[in-house]
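A.B. asks: have a look at this fold, sequence not included:
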Ligand code: NDP
Ligand code: MG
């Protein structure tokens, strides 16, 4: 086992983010060296990370941030690449067993496809690109020769639960949802809620965009589409159950009605580590569940009337084409505006629904059409935000 650990090297794409920094803490605990690290624009944070982890290549999407980084790291042997083509090139030059894809948004697409050609495994945290263009990206990863292991906690739980039976015997996937900070509220009560209210997630600690997506249930809608692509299961075989305690991370029901679940404390490092070490398990970073203080586990149906974006995601999954991409792009714009205090919480619902209706095109769509629809949805959503 010790030899195995020494041989493993990882690339962390999106190393400065919430998942990226947690991946680096898992790498510390496993004693795994890093080969390639990438970031977007925060060069100070990235410089500190590069100094600590000494990657062979460091890349930043923002050109001027990359220039500053290059000057700052002039006393090291680290090669610095700049621009989104630099991030994609760095991913494609990785000499690593695993690439953890923790870049947010569609920007992850090209780096992940490049990494699939040189890394044995893609540990996939990114969800926006999978929602928008899952079929195309998963095919490209497969063609690149890499295996794909999910990092999102629900999909990691399903991946682990699926080992208990045959794929053909799966009756349904059951995704658990914490319900977010506004669980139980009716639509009229949601109108006045602020970004600070939405950022107070009851169980998980995550970046601001995904935390707001958890409050609207858009995140759970994205996860339905992610599960559909990752496990080749139609949306009608994916059920969402509200489970406030976030101890059961998701479940699989087989044809004999046996249900297999994966449980643990809500800590992303467990899922990140499993994706890196699969099929072996190493000592974990998160603590154990304390069964003495955990008095009950509760379950309920999601309220799709007050939180319509979950139902919209099922609809977008059924329509296909550019609808999921439009939904994800419009959501990103609307959540950004909400976080800046420019629109209200329920405006996010209206803007995303309206963008899917006006811009989304059902049926089949190639990658170029998806990228174009993403751009158009951003423009339309921006106009709608300014019109509020
Ligand atoms: P963060 O916003 O915290 O981090 C995003 C990372 O991507 C940062 O390193 C950022 O760099 C980098 N980045 C941003 N834009 C670009 C770009 N255009 N090109 C290259 N790099 C870029 O996000 P999270 O860590 O929260 O999430 C990452 C992904 O994982 C998302 O898709 C999210 O949905 C998914 N996910 C997150 C979970 C969580 O618990 N946080 C759970 C499950 C999935 P910089 O810091 O320099 O801007
Ligand atoms: Mg999740």
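C.D. replies: Okay, I see it. Because the structure is predicted, anything quoted here is derived from the model rather than measured. Ligands and ions are numbered 1, 2, ... in the order given.
A.B. asks: near ligand 1, which residues of the stretch 101-250 of the chain?
C.D. replies: Counting by CB under 6 Å from any ligand atom, the stretch 101-250 of the chain comes close to ligand 1 at 102, 103, 104, 107, 125, 126, 127, 128, 152, 206, 207, 210. Just so you know, the C-beta spots here come from the backbone N, C-alpha and C atoms, and that holds for glycine as well.
A.B. asks: if I look at the first one, how far off is residue 37?
C.D. replies: With distances defined as CB to CB, to the nearest Å, the gap from residue 102 to residue 37 amounts to 11 Å.
A.B. asks: more neighbours: the two, which one.
C.D. replies: The residue with more neighbours, out of residue 102 and residue 37, is residue 37; 29 against 25, by other CB atoms under 10 Å.
A.B. asks: what is the more buried one paired to in the beta sheet?
C.D. replies: Partner residues in beta bridges with residue 37: residue 12, residue 58, with DSSP bridges as the criterion.
A.B. asks: quick one: residues contacting it.
C.D. replies: Applying CB atoms under 8 Å, 6 or more residues apart in numbering, we find residue 37 in contact with 11, 12, 15, 46, 49, 50, 53, 55, 57, 58, 59.
A.B. asks: next, format those as a markdown table and append pLDDT and neighbour count.
C.D. replies: Written out in a markdown table, the entries for the contacts of residue 37 read as follows (pLDDT from 0 to 100; neighbours: other CB atoms under 10 Å):
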| residue | pLDDT | neighbour count |
| --- | --- | --- |
| 11 | 98 | 30 |
| 12 | 98 | 33 |
| 15 | 98 | 28 |
| 46 | 98 | 27 |
| 49 | 98 | 21 |
| 50 | 98 | 23 |
| 53 | 98 | 19 |
| 55 | 98 | 26 |
| 57 | 98 | 22 |
| 58 | 98 | 30 |
| 59 | 99 | 29 |
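A.B. asks: please enumerate the shared neighbours of residue 102 and residue 37.
C.D. replies: Common neighbours of residue 102 and residue 37, using CB under 8 Å, 6+ apart, are 12, 15.
A.B. asks: what ranges does the chain have for its strands?
C.D. replies: Along the chain, the stretches classed as strands by DSSP state E are 10-13, 34-39, 57-60, 79-82, 98-101, 121-124, 147-150, 170-177, 238-242, 248-254, 259-263.
A.B. asks: still on that earlier bit, now list the buried members of the residues of the stretch 101-250 of the chain next to ligand 1.
C.D. replies: For those, burial is judged from neighbour counts taken by 16 or more other CB atoms under 10 Å, and it is met by 102, 103, 104, 107, 125, 126, 127, 128, 152, 206, 210.
A.B. asks: how close does the third one sit to residue 171?
C.D. replies: When CB to CB is applied, the distance between residue 104 and residue 171 equals 33 Å.
A.B. asks: can you tell me which of the residues of the stretch 101-250 of the chain next to ligand 1 is nearest ligand 2?
C.D. replies: Of all these, residue 152 has the smallest distance to ligand 2: 4.3 Å, by CB to the ion.
A.B. asks: hang on, the earlier thing: which of the buried ones among the residues of the stretch 101-250 of the chain next to ligand 1 lies closest to residue 384?
C.D. replies: residue 128 (19.3 Å; CB to CB).
A.B. asks: so who does the closest one touch?
C.D. replies: 104, 105, 106, 108, 222, 328, 332.
A.B. asks: who are the contact partners of the first one?
C.D. replies: In this case it means residue 104. Residue 104 makes contact with 14, 17, 126, 128, 207, 209, according to CB under 8 Å, 6+ apart.
A.B. asks: repeat that for the second one.
C.D. replies: The neighbours of residue 105, taking CB under 8 Å, 6+ apart as the test, are 126, 128, 129, 332.
A.B. asks: per-residue confidence for the nearest residue to residue 281 once chain neighbours are set aside?
C.D. replies: The shortest distance from residue 281 to any non-neighbouring residue, by CB to CB, 6 or more residues apart in numbering, is to residue 274 (7.1 Å). The confidence metric pLDDT takes the value 98 at residue 274.
A.B. asks: close enough to count as contact, residue 274 and residue 280?
C.D. replies: No: the pair formed by residue 274 and residue 280 falls short of the contact definition of CB atoms under 8 Å, at 9.5 Å.
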